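Engineer: Fold the following and give me the result.
(one chain, ligands or ions: 1)
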Amino acid sequence: MASAAASISSPFLVKSSSSMGVGPISHSPRTLSLPLGKPCSAFGIGFLSISIPRRSHRSPFRVLSVAAPTETPAEFEEMASGTKRKYYMLGGKGGVGKTSCAASLAVKFANNGHPTLVVSTDPAHSLSDSFAQINPEKAREEFRDASQKNGGTGVKDFMDGMGLGMLVEQLGELKLGELLDTPPPGLDEAIAISKVMQFLESQEYNMFTRIVFDTAPTGHTLRLLSLPDFLDASIGKILKLKQKLASATSAIKSVFGQESNQQDSADKLEKLRERMVKVRELFRDTETTEFVIVTIPTVMAVSESSRLHSSLRKENVPVKRLVVNQILPASGSDCKFCAMKRKDQMRALDMIKSDPELSNLTLIQAPLVDMEIRGVPALRFLGDIVWR
Ligand SMILES: Nc1ncnc2c1ncn2[C@@H]1O[C@H](COP(=O)(O)OP(=O)(O)OP(=O)(O)O)[C@@H](O)[C@H]1O
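Structural biologist: Down below sits the predicted model:
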């Protein structure tokens, strides 16, 4: 399907063109080809794949020491062990460093021999130069289109016109119009994620043993997590309506065009529903999935992370690690601002240690480095500090 392929033999961040390219991915132990060609669908999802040659690298970045007496290593060995595919989802409030942490983890996995894929489903993610974007509007349109063919608002209007309002009344409990006119928040992401899963399950992506999701900010993630249940029910309703309509008069049926089209749409919805269920299962599978919370040492961020963990726990999403990013190094100078800031941060760290939701998580402390984290050398540098 792809029209072109870029061959990657050194550590590059690869920008897939305007949409997700799918097609055969060929690779040799140290090189990887990534399709960059034709968009495959309405969903423009960016994929970044990294394969890093093992060689020594002297980083231009430096980190001042982070005084962290209670620091726990991330136990990277455990994260990298085994060749069975594992999914890592990094989540947290906006701007805390999810993307940097996710990308640095991916680089580290790649350095440890794992063909690794970074997936971003956040339309506002900050590695936008390296990732293509999901187009939520198009995703929604596709869903709406498929739904309408199965008796959405188009059906309702038509039936009203035919004086069949009574049947519409009977179907009113299904609240389809409401669903289609005001898609629930997070629908875009849920559809995008399920679309991603579809690709990840395909043969071309079999080779990837580590998948790192640079997830959307907290609120979105939570909505997404609760969505499959909602969608499961909603899509079920649409299918039920479709069945009811199928038994209505042939005159009504004719309006929906060919029987086969109707069937196609129903199949699409059914597949979407099935994928949603799979995503939900995947999110809860402790064997294959881990949700890593990323935060910063401020009272507000810590409180939000605590709430996030609580809701993830309720959703049975496996969480083991908490990355506290951007910790100021102990200052050797007499910078008052730095001293105050660090004192504040230490208070936030203490808060984590006494928070019932967070204290049982493995705490990973990541320093604020003195340069912008861009490009593989920087990510490699950060990865070596954070993921140990
Ligand atoms: N440990 C760090 N030291 C220095 N700068 C950092 C660190 N972590 C992240 N940054 C910088 O902070 C900014 C935000 O980081 P990043 O984009 O990774 O956050 P994010 O949580 O993914 O944000 P968003 O929610 O907006 O996608 C970036 O400019 C990044 O380079």
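Engineer: Give me the contacts around stretch 292-307.
Structural biologist: 88-93, 96-98, 101, 105, 218, 308-309, 312, 319-327, 344-349, 351-352, 355, 357-358, 361 (CB atoms under 8 Å, 6 or more residues apart in numbering). Where you see a C-beta, it was placed from the backbone N, CA and C, and this is true even at glycine.
Engineer: Those: which ones sit near the ligand?
Structural biologist: 96, 97, 98, 325, 326 (CB under 6 Å from any ligand atom).
Engineer: Which one of these sits in the busiest neighbourhood?
Structural biologist: For those, the largest neighbour count, defined by other CB atoms under 10 Å, is 31 neighbours, found at residue 98.
Engineer: ok, now which ones touch that one?
Structural biologist: Contacts of residue 98 by CB under 8 Å, 6+ apart are 90, 91, 92, 214, 215, 217, 294.
Engineer: Could you give the backbone dihedrals for it?
Structural biologist: phi -60, psi -50 (degrees, to the nearest 10).
Engineer: circling back to that earlier point, so how do I select the buried members of the contacts of residue 98 in ChimeraX?
Structural biologist: Of these, the buried ones go into a single ChimeraX selection, burial set by 16 or more other CB atoms under 10 Å:
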select :90,91,92,214,215,217,294
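Engineer: Narrow the contacts of residue 98 to those in helices?
Structural biologist: Using DSSP state H, no member of the contacts of residue 98 falls in helices.
Engineer: Restricted to strands, list the contacts of residue 98.
Structural biologist: 90, 91, 92, 214, 215, 217, 294 (DSSP state E).
Engineer: okay if I get those residues as TSV plus distance to residue 373 and pLDDT?
Structural biologist: Below are the ones in strands among the contacts of residue 98 laid out as TSV (distance: CB to CB, whole Å; pLDDT from 0 to 100):
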residue	distance to residue 373	pLDDT
90	14	92
91	18	88
92	16	88
214	13	82
215	18	72
217	18	54
294	13	96
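Engineer: out of the contacts of stretch 292-307, which are buried?
Structural biologist: Looks like the contacts of stretch 292-307 have 88-93, 96-98, 101, 105, 218, 308-309, 312, 319-327, 345, 348-349, 351-352, 355, 357-358, 361 buried, using 16+ other CB under 10 Å.
Engineer: what's around the residue nearest to residue 83 when sequence neighbours are not counted, how many residues?
Structural biologist: Distances taken as CB to CB, 6 or more residues apart in numbering put residue 209 closest to residue 83, at 5.4 Å, once the chain neighbours are dropped. Using other CB under 10 Å, residue 209 has 17 neighbouring residues.
Engineer: Roughly how far does residue 209 sit from residue 81?
Structural biologist: 11 Å (CB to CB, to the nearest Å).
Engineer: Residue 288 now?
Structural biologist: 13 Å.
Engineer: Neighbour count for the two, which is higher?
Structural biologist: Taking other CB under 10 Å, residue 288 and residue 81 do not tie; residue 288 has more neighbours (15 against 11).
Engineer: From residue 276, how far off is residue 270?
Structural biologist: In terms of CB to CB, residue 270 sits 11 Å off from residue 276.
Engineer: which one of the two has more residues nearby?
Structural biologist: Taking neighbours as other CB under 10 Å, residue 270 and residue 276 compare with residue 276 leading, 23 against 15.
Engineer: Quick check: the more buried one touching residue 194?
Structural biologist: Yes. Counting by CB atoms under 8 Å, residue 194 is a contact partner of residue 276 at 5.4 Å.
Engineer: Could you look up the SS state of residue 356?
Structural biologist: coil (DSSP: H, G, I helix; E, B strand; the rest coil).
Engineer: Show the pLDDT at residue 345.
Structural biologist: According to the prediction, residue 345 has pLDDT 97.
Engineer: Tell me the helices and strands packed up against the helix or strand hosting it.
Structural biologist: Residue 345 belongs to helix 336-354 when elements are defined using DSSP states H and E. Contact here means 3 or more CB pairs under 8 Å, 6 or more residues apart in numbering; DSSP states H and E; on that basis helix 336-354 packs against helix 299-314, strand 319-327, strand 362-367.
Engineer: how about the ones you listed in a markdown table, adding mean pLDDT?
Structural biologist: A markdown table is the format used below for these (pLDDT from 0 to 100):
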| stretch | mean pLDDT |
| --- | --- |
| helix 299-314 | 92 |
| strand 319-327 | 96 |
| strand 362-367 | 94 |
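Engineer: Make TSV out of the ones you listed and add distance to residue 337.
Structural biologist: Putting these into TSV (distance: least, CB to CB, whole Å) gives the following:
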stretch	distance to residue 337
helix 299-314	18
strand 319-327	15
strand 362-367	17
